[in-house]
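Asks: here are the coordinates; sequence isn't available:
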């Protein structure tokens with residue numbers, strides 16, 4: 001099969017409206033390995049749009065040259081619903097305005113128990129046969145998911161495109177940040193080459209966040225089954241969330257650099273024919289997600305940072321301050337932001353006007369923090 005673009009029409013949310021997901025397909029359908037990439041699930045996070053635009057251009061040339069060995073599916077704009085939420089020129093694309101609201105990257109369907117019931121009695125000694133059995137069960141369960149609303153249709157479509165992939169790469173970004181990734185604990189070594197190619201030095205290692213995010217949903221079926229069947233069912237999908245720096249880190253230079261890194265990774269995984277040097281992973285460090293400090297604003301006001309993104313910090317160190325604009329004593333109106341972790345200051349909100357109690361900065365540490373609760377590691 002040559003390069004194809006498929007348009008997936010979502011259920012109409014209101015009379016006269018219709019949104020579409022476009023999926024770019026490269027290679028033969030069903031070829032392995034299969035990789036799925038998407039951008040903009042949080043519709044206010046835009047660097048991935050340009051990166052995938054440039055990756056598609058590279059893959060089109062590779063397809064024409066007959067270099068695609070596996071299958072690649074790219075959805076460059078994963079959330080047209082969120083992109084349409086234009087409020088006086090501002091696109092608040094992290095949370096849905098309709099369908100009950102909520103974070104677009106939370107509470108995705110978890111199919112592990114249902115798939116396990118379907119395959120019970122069919123698991124054999126042949127591991128690759130078991131992978132096929134599980135993938136068929138996943139397809140059958142996906143077909144039963146509701147699609148009455150626009151959001152349900154979007155989720156069902158994205159999962160149908162991704163859940164039988166060997167790898168799922170979900171592109172996001174932070175407010176202001178260095179390149180980093182959220183990586184399931186089981187895949188730390190596996191994804192090190194990708195982080196190395198992207199010059200990312202920070203990986204957040206996660207096991208069970210409680211968020212039921214898109215990338216977790218794609219891997220959760222296999223994690224659930226392996227807990228019962230161990231080696232009989234190998235990993236049929238590996239996934240991660242890539243955070244492409246900050247919201248405003250968008251340029252042809254960054255996008256070309258990141259698209260080339262992703263293309264080189266596809267060569268490394270033998271999905272695209274070519275030669276690439278062994279990635280340098282010496283600078284890649286993983287930090288447990290439960291050791292990540294979310295620094296909260298002690299009051300409402302203007303935040304000023306003393307430390308730069310990417311700098312090392314120590315527990316007890318002041319990384320900035322919030323100025324309370326309504327304090328009567330202006331000389332005593334500066335409230336410190338104190339790190340509770342030894343690690344790297346890797347992300348912060350872009351706004352400088354912050355609300356009391358809001359999480360405004362992230363520090364990746366190595367040691368578990370008592371206030372970080374396993375299973376509830378994301379607050380938004």
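Replies: Good, I have the coordinates. Just so it is clear, the structure is predicted and the values come from calculations on it, not from any experiment. Numbering: from 1, shown residues only.
Asks: Quick check: residue 153 vs residue 52, distance?
Replies: 21 Å (Cβ to Cβ, to the nearest Å). C-beta here means a position set from N, CA and C on the backbone, and glycine is covered the same way.
Asks: Contact partners for residue 3?
Replies: Contacts for residue 3 (Cβ atoms under 8 Å, 6 or more residues apart in numbering) come out as 24, 25, 26, 59, 60, 63, 64.
Asks: Go again with 7 Å.
Replies: 26, 60, 63 (Cβ atoms under 7 Å, 6 or more residues apart in numbering).
Asks: domain parsing for the chain?
Replies: 4-287, 292-365 (automatic domain parsing).
Asks: Next step: the contacts of residue 3 restricted to strands.
Replies: Among the contacts of residue 3, the members found in strands (DSSP state E) are residue 26.
Asks: Let's see if you can find the most crowded of the contacts of residue 3.
Replies: Counting neighbours by other Cβ atoms under 10 Å, residue 26 leads these with 25 neighbours.
Asks: quick revisit: select, out of the domains of the chain, the one closest to residue 378.
Replies: Closest of the domains of the chain to residue 378 is domain 4-287, at 4.4 Å (criterion: Cβ to Cβ).
Asks: Please report phi then psi for the residue nearest to residue 31 when sequence neighbours are not counted.
Replies: Among residues not flanking residue 31 along the chain, residue 71 sits closest, at 4.5 Å (Cβ to Cβ, 6 or more residues apart in numbering). Main-chain dihedrals, residue 71, degrees, to the nearest 10: phi -130, psi 140.
Asks: thinking again about what came up before, what would the contacts of residue 3 look like in TSV with distance to residue 299?
Replies: Converted to TSV, the contacts of residue 3 look like this (distance: Cβ to Cβ, whole Å):
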residue	distance to residue 299
26	51
60	52
63	55
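Asks: any idea which of the contacts of residue 3 is closest to residue 165?
Replies: When the contacts of residue 3 are compared for distance to residue 165 (Cβ to Cβ), residue 26 comes out closest, at 12.7 Å.
Asks: Of the contacts of residue 3, which is the nearest to residue 357?
Replies: residue 26 (46.0 Å).
Asks: List the contacts of that closest one.
Replies: For residue 26, the contact set (Cβ under 7 Å, 6+ apart) comprises 3, 59, 63, 68, 71, 72.
Asks: mind checking pLDDT for the second one?
Replies: Right, residue 59. Note on residue 59: pLDDT of 98.
Asks: what separates it from residue 30, distance-wise?
Replies: Going from residue 59 to residue 30 by Cβ to Cβ gives 18 Å.
Asks: Fine by me, thanks again.
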